[in-house]
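Asks: Sequence and predicted model, in that order:
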Amino acid sequence: MDETLSLWTLFASSFLAATLLPGGSEAVLFGVLKLNPQQYWPALAVATLGNTLGGMSSYLIGRLIPPKKQIRGIEIVTRYGAAALLLAWVPIIGDPLCVAAGWLRVNPWWSALCMAAGKFARYLLVAGIAV
């Protein structure tokens, strides 16, 4: 597979995996790095960027659409603020944390930074296993 196409596929996969849609971007990152180990840092950057932008789309949903019921994760975000988004990569709780942060109007820059840090750490671990 072409290296550029691999990175675009990784971006799309990581973006969609961070939304309310299910997906496994870790497997795509693993595959990209197995086929193109020279793409280590670009692949980490692309996966982190895509996954963070996907998480921020959930944040935006929380900010723009008021929930009709209590959002899971709201207590955690209320208590820890943007730092709670270090866990935005965790399956099942990550999406509600992002939506709750948006609904609570947590600073979007700090939210994105914390989200990116947590997601990068997870991808770094996956990349270390792949290479």
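Replies: Everything's here; your move.
Asks: residues in contact with the residue most central in space within the chain?
Replies: Geometric centre of the chain, nearest residue: Asn51, 3.3 Å, by Cα atoms, centre = their mean. Residues near Asn51 by Cβ atoms under 8 Å, 6 or more residues apart in numbering: Ser14, Phe15, Ala17, Ala18, Ser25, Trp89, Lys119, Tyr123. (C-beta placed from N, C-alpha, C; glycine too.)
Asks: Make CSV from the residues you listed and add distance to Lys68 to it.
Replies: Putting these into CSV (distance: Cβ to Cβ, whole Å) gives the following:
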residue, distance to Lys68
Ser14, 29
Phe15, 26
Ala17, 25
Ala18, 23
Ser25, 29
Trp89, 26
Lys119, 28
Tyr123, 34
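Asks: Could you find the closest non-adjacent residue to Gly81?
Replies: Leaving aside its chain neighbours, Gly81 sits nearest to Val106 (5.8 Å; criterion: Cβ to Cβ, 6 or more residues apart in numbering).
Asks: With Ile129 instead?
Replies: Per Cβ to Cβ, 6+ apart, closest to Ile129 is Phe30, 7.2 Å.
Asks: before we move on, what about Leu104?
Replies: Spatial nearest neighbour of Leu104, excluding adjacent residues (Cβ to Cβ, 6+ apart): Val77 at 5.7 Å.
Asks: coming back round to it: now the buried members of the contacts of Asn51.
Replies: Burial by neighbour count, judged by 16 or more other Cβ atoms under 10 Å, picks out Ser14, Phe15, Ala17, Ala18, Ser25, Trp89, Lys119, Tyr123 from the contacts of Asn51.
Asks: Give me the subset of those lying in helices.
Replies: Taking DSSP state H as the definition of helices, the buried ones among the contacts of Asn51 contribute Ser14, Phe15, Ala17, Ser25, Lys119, Tyr123.
Asks: And the residues you listed, which is closest to Asp95?
Replies: Closest approach to Asp95 among those (Cβ to Cβ): Ala17, at 10.1 Å.
Asks: Quick check, the closest one in contact with Leu29.
Replies: No - applying Cβ atoms under 8 Å as the test, Ala17 and Leu29 come out as separate, 10.1 Å apart.
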